[in-house]
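Enquirer: okay, here's the prediction I keep looking at, along with the sequence it came from:
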Amino acid sequence: MFSALWSEVTIRTIAVFGVIFLTLLVFFKQRKNLPPSPRGSWPVVGHLLSLGRAPHLKLTEWRKQYGDVYTVRMGMEDVVVLNGYRAIKEALVDYKDAFSSRPNVYVLNLVSGFGKEIAISKFNQAYLEKRKFAYSALRNLGMRMGPGSMEENIRDEARQLCLKLSEQGDAKPRDITDNLTVSVANIICSMVFGKRYDYDDEKFLELSKIVNKLVASVGSSQLMTVFPFLRFIPGVNSTNRILLECIEDVHEFLRQEITKHRETLDNENPRDFIDLILTELQTQEKTDCFTEENIVWMIQDLFVAGIETTITTLRWGLLYMVLCPEEQQKVQAELDSVLGTDHDVPTLAHRSQLPYTEATIMEIQRIRAIVPLSAPHAPNEDTTFRGYDIPAGTQVFPSLWSANMDPEFWPNPEKFDPRRFLDSDGKVVTRPESFMPFSTGRRVCLGEQLAKMELFLLFSSLLKHFTFKLPDGAAARSTDGRRVCIGEQLSKMELFLLFSSLLKHFTFKLPEGAAAPSTDGSLGLTLVPPSVKMCISRR
Ligand code: HEM
């Protein structure tokens, strides 16, 4: 009996020591020569509690203590943070072969069809082919200067936007996010579907239901980014199911559009992105990255990556214009001096004559990096960087925020000052250092040129025709913005679903007299400004 007891104790002891040994082994293996880590990491949650609601600010603060490259624990994962222009450029440009992949994050995989699209795809041959195709298709469809460019479509949207704002009158202060949404979404729609959608439709209530359903499922799904095991927990994982159903609805709609396009396809005269990709499917050797399934995911990418980003930048722009009325006046004075009494909207040819306007747009993009931590990168294979060993697949956050707000390059970085981007002759500084709103390296934003065209034409048209100001007596507005660093793709997804569902069933218009829905507190990939009602008066 004694020997039986002894052997049970021994077995238990060995088992306990075994577990401790294995845990330590895993722990030390993970910690092997990673960049330094700030104090205050807790078991299971890591640094999440310290990061708070503005992780980009906390991460920038830690740079002072831990240097340009350090490691934080997001839940149970190590994440390497790159701070400042030099470290980001070194990793994404000089070490581009190493840092061009994406990490394996459950929710990102889920919303990207496990890499069937571009933005979340791992760096491999299929990714390169998809990116190359999408880039050349967008250029064919007008993402460039000169004849055949998207300029005229964007100017049309700018006209419609100004018309809509004029019709709405200046009696009541309002938030124009919805108007901007129609314009920007329509620019992508005309490239993808070959058509734009009208402002006027009555089924807004039904759309709200879809949005509410999605918003309700966002909270617990975001947690799944950090704690993927939650997907196995009944109740929590129902948001998974809801999301998958929504994705299926959207894809069904896209498949119908693709079928309609196929019926009228003329290979010689492609009308839009869908036509171009169908033609590509017919002509090229079948490869894994170009199936009909990829088409829907790639289109989803354009919607997801191309709409909210542009709208959010414009919203920050208008917020800074109302907060800095003297800057607004300077832009308007420049627009008036170049365009005179011409009532039409500006063209891209005016750009070189409007340096202050352009510098103002750059300053908007600097002062509020709307994608403060960019999209997560990951080394393709085990990589040594600045003397540290970073295992393949580790999440790497390039903090674009830290570059934009670096006092070494941008003295008094919180001051809104477009003159930073002008040289002594008043010309716009080309390629300023420490300014990467579209990131850099191999994964640099695919739609950069399109976004720049949109920002210039829409922003300058708005300021040419309207003056924006806060209502008399309104409380000062915060420029802090809101962002949650986990579940970012999910919010992108939410946007995509919103727009696709929207375009499937409705054109949108608020009921007469209804208050604009607030975007306060919405969570996103992007750093979103507070919802602001402005007085908008025709000039
Ligand atoms: C103001 C507007 C925009 C900003 C600030 C912006 C910014 C960014 C950033 C920071 C990234 C991540 C790059 C990285 O991983 O290092 C990105 C990726 C991407 N963007 Fe944009 N973007 C904008 C507009 C657009 C538009 C209009 C489109 C398309 C029509 C677009 C398509 C994409 C795609 C497809 C990617 C993924 C690229 C890849 O992984 O290879 N973006 N963007």
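Expert: Noted; the coordinates are in hand. Numbers count the residues shown, from 1 in each chain.

Enquirer: which bits of the stretch 301-450 of the chain sit near the ligand?
Expert: 301-302, 305-306, 309-310, 313, 370-371, 374-375, 437-439, 443-447, 450 (CB under 6 Å from any ligand atom). Glycine gets a C-beta too; all of them are placed from N, C-alpha and C.

Enquirer: from those residues, which land in strands?
Expert: Taking DSSP state E, every one of these sits outside strands.

Enquirer: now list the buried members of these.
Expert: Neighbour-count burial (16 or more other CB atoms under 10 Å) applied to these gives 301-302, 305-306, 309-310, 313, 370-371, 374-375, 437-439, 443, 445-447, 450.

Enquirer: now, those that are in helices?
Expert: 301-302, 305-306, 309-310, 313, 450 (DSSP state H).

Enquirer: now tabulate the residues you listed in CSV and tack on pLDDT.
Expert: As requested, those are exported to CSV (pLDDT from 0 to 100):
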residue, pLDDT
Asp301, 81
Leu302, 85
Ala305, 81
Gly306, 85
Thr309, 88
Thr310, 92
Thr313, 95
Leu450, 96
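
Enquirer: tell me which other helices or strands the helix or strand hosting Gln256 touches.
Expert: For Gln256, the host element (DSSP states H and E) is helix 238-263. Here helix 238-263 touches helix 106-111, helix 204-226, helix 273-283, helix 292-306, helix 488-505, going by 3 or more CB pairs under 8 Å, 6 or more residues apart in numbering; DSSP states H and E.

Enquirer: give me the angle between it and helix 273-283.
Expert: Using axes from the mean of the first three to the mean of the last three CA atoms, to 10 degrees, one finds that helix 238-263 and helix 273-283 are set 70 degrees apart in direction.

Enquirer: buried residues, helix 238-263. List them.
Expert: 239-240, 243, 246-247, 250-251, 253-254, 257-258, 261.

Enquirer: which one of these sits closest to Val331?
Expert: Val250 (38.2 Å; CB to CB).

Enquirer: how many residues are close by the nearest residue to Thr310 once chain neighbours are set aside?
Expert: Excluding the flanking residues, the one nearest Thr310 by CB to CB, 6 or more residues apart in numbering is Val184, at 4.8 Å. If you count neighbours by other CB atoms under 10 Å, Val184 ends up with 27.

Enquirer: is it true that Val184 lies in a strand?
Expert: No: with DSSP: H, G, I helix; E, B strand; the rest coil as the criterion, Val184 is located in helix rather than a strand.

Enquirer: looking at this protein, which residue is nearest the ligand?
Expert: Residue of the chain nearest the ligand, by CB to the nearest ligand atom: Gly447 (2.1 Å).

Enquirer: stretch 157-177 vs the ligand: in contact?
Expert: No: Stretch 157-177 lies out of reach of the ligand by CB under 6 Å from any ligand atom, never closer than 13.1 Å.

Enquirer: pull up the distance across that stretch, start to finish.
Expert: 15 Å (CA to CA, to the nearest Å).

Enquirer: neighbouring contacts of it?
Expert: Outside stretch 157-177, the residues that touch it by CB atoms under 8 Å, 6 or more residues apart in numbering are 179-180, 182-184, 186-187, 196, 199, 311, 315, 318, 344-345, 457-458, 461-462, 465-466, 470-471, 474, 516, 518-519, 531-538.

Enquirer: buried ones from these, can you make that a ChimeraX selection?
Expert: To isolate the buried subset of those in ChimeraX, counting by 16+ other CB under 10 Å, use the following:
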select :179,180,182,183,184,186,187,196,199,311,315,318,345,457,458,461,462,465,466,470,519,531,532,533,534,535,536
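
Enquirer: okay, and which of the contacts of stretch 157-177 map to helices?
Expert: Per DSSP H, the subset of the contacts of stretch 157-177 in helices is 179-180, 182-184, 186-187, 311, 315, 318, 457-458, 461-462, 465.

Enquirer: confidence-wise, which of the residues you listed comes last?
Expert: When the ones in helices among the contacts of stretch 157-177 are sorted by pLDDT, the bottom entry is Val182 at 82.

Enquirer: roughly how far does that one sit from Leu323?
Expert: Distance, Val182 to Leu323, using CB to CB, to the nearest Å: 25 Å.
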